[in-house]
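*Asks:* Build me a structure from this.
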Amino acid sequence: MSGHSKFANIKHKKEKNDAARGKIFTIIGREIAVAVKEGGSDPNNNSRLRDVIAKAKANNMPNDTIDRGIKKAAGDANSVNYEFASYEGYGPNGTAIIVDALTDNKNRTAANVRSAFTKGNGNVGTPGCVSYMFDKKGQIVIDKEECEMDPDDLMMLALDAGAEDFSEEEDSYEVLTDPDGFSEVRQQLEGAGIKMASAEVTMIPQTWVEVTDEEAVKNLQKILDLLEDDDDVQAVYHNWDE
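*Replies:* Presented below is the predicted three-dimensional model:
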């Protein structure tokens, strides 16, 4: 799995989110609400909530904001109910795109997603049309500048914790896990004092698509920007080799 560092992309996303921090906090806030509703407000007894909290911390969400979100979700029985929705489609040059959303209005979200694809000269497909090109994995990315541990020791720590793969890139380390084993691996790394640039269950492309045509690049970027600007959209996965 070596050769495709996600760290540059993560840094790019973080920089983008710093200018609109409310967006990423809104995303995580909804995930907290869903996690609390499904498994309760105690992270010790709710692995999904633990994972969302880890994601929040990786995105520099203040502890008091996290705590407020948990208390609000636990105390407000009449809070908005968010439903999970996933969409799949194609961008220019046959690029594959998956969109995950948490929404209180599926009709609105579906219309917005379809519009984003259309404006970028892409199209929404049927469920399953591109997801087979991706593997669902737990992914932990560690910034080399933030990690003092020897790479071999870090690799052994990750593998002993249950990780499936460990790779060293130019500026980062990447740890991949089975989705069901993600929580355990993340907790053991966290317990060893490892600071994570990113920690989440994600969709990783099996192959990457190069797009060289300038107009196609522009349209593909338009689709991704419109999707990422949509408040209902939680995550966008694609196989464009940027």
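
*Asks:* Tell me the gap between the longest helix seen in the chain and the middle of its chain.
*Replies:* Longest helix in the chain, counting residues (DSSP state H): helix 21-39. Its chain's C-alpha centre and that of helix 21-39 lie 13 Å apart, by Cα atoms, centre = their mean, to the nearest Å.

*Asks:* got the angle for the helix or strand that comes right after it vs helix 21-39?
*Replies:* Of the helices and strands lying after helix 21-39 in sequence (DSSP states H and E), the nearest is helix 47-58. Compare the direction of helix 47-58 with that of helix 21-39 by axes from the mean of the first three to the mean of the last three Cα atoms, to 10 degrees and you get 160 degrees.

*Asks:* what separates helix 47-58 from the chain centre, distance-wise?
*Replies:* Mean-position distance between helix 47-58 and its chain equals 12 Å (Cα atoms, centre = their mean).

*Asks:* same check, this time on stretch 233-242
*Replies:* Chain-centre distance of stretch 233-242: 9 Å, with Cα atoms, centre = their mean.

*Asks:* Span of that stretch from start to end?
*Replies:* 21 Å (Cα to Cα, to the nearest Å).

*Asks:* What residues sit buried inside the longest strand along the chain?
*Replies:* The residue-count maximum for a strand in the chain (DSSP state E) belongs to strand 134-143. Within strand 134-143, the residues that count as buried by 16 or more other Cβ atoms under 10 Å are 134, 137-143. Backbone N, C-alpha and C define where each C-beta goes, glycine included.

*Asks:* what's that strand in contact with?
*Replies:* Under the criterion Cβ atoms under 8 Å, 6 or more residues apart in numbering, residues 6-7, 10, 96, 98, 154, 158, 164, 171-179, 181-182, 185-186, 189, 194-206, 237, 239 lie in contact with strand 134-143.

*Asks:* What helices and strands are in contact with the longest helix of the chain?
*Replies:* Using 3 or more Cβ pairs under 8 Å, 6 or more residues apart in numbering; DSSP states H and E, the elements in contact with helix 21-39 are helix 47-58, helix 63-75, strand 96-103, strand 233-238.

*Asks:* Which of those sits closest to Asn219?
*Replies:* Proximity to Asn219 (Cβ to Cβ) singles out strand 96-103 among the helices and strands packed on helix 21-39, at 11.9 Å.

*Asks:* what distance separates the closest one from the centre of its chain?
*Replies:* Strand 96-103 sits 11 Å away from the centroid of its parent chain (Cα atoms, centre = their mean).

*Asks:* likewise stretch 200-207?
*Replies:* The mean C-alpha position of stretch 200-207 is separated from the chain mean by 9 Å, Cα atoms, centre = their mean.

*Asks:* pLDDT (mean, whole number) over that stretch?
*Replies:* Averaging pLDDT along stretch 200-207 gives 92.
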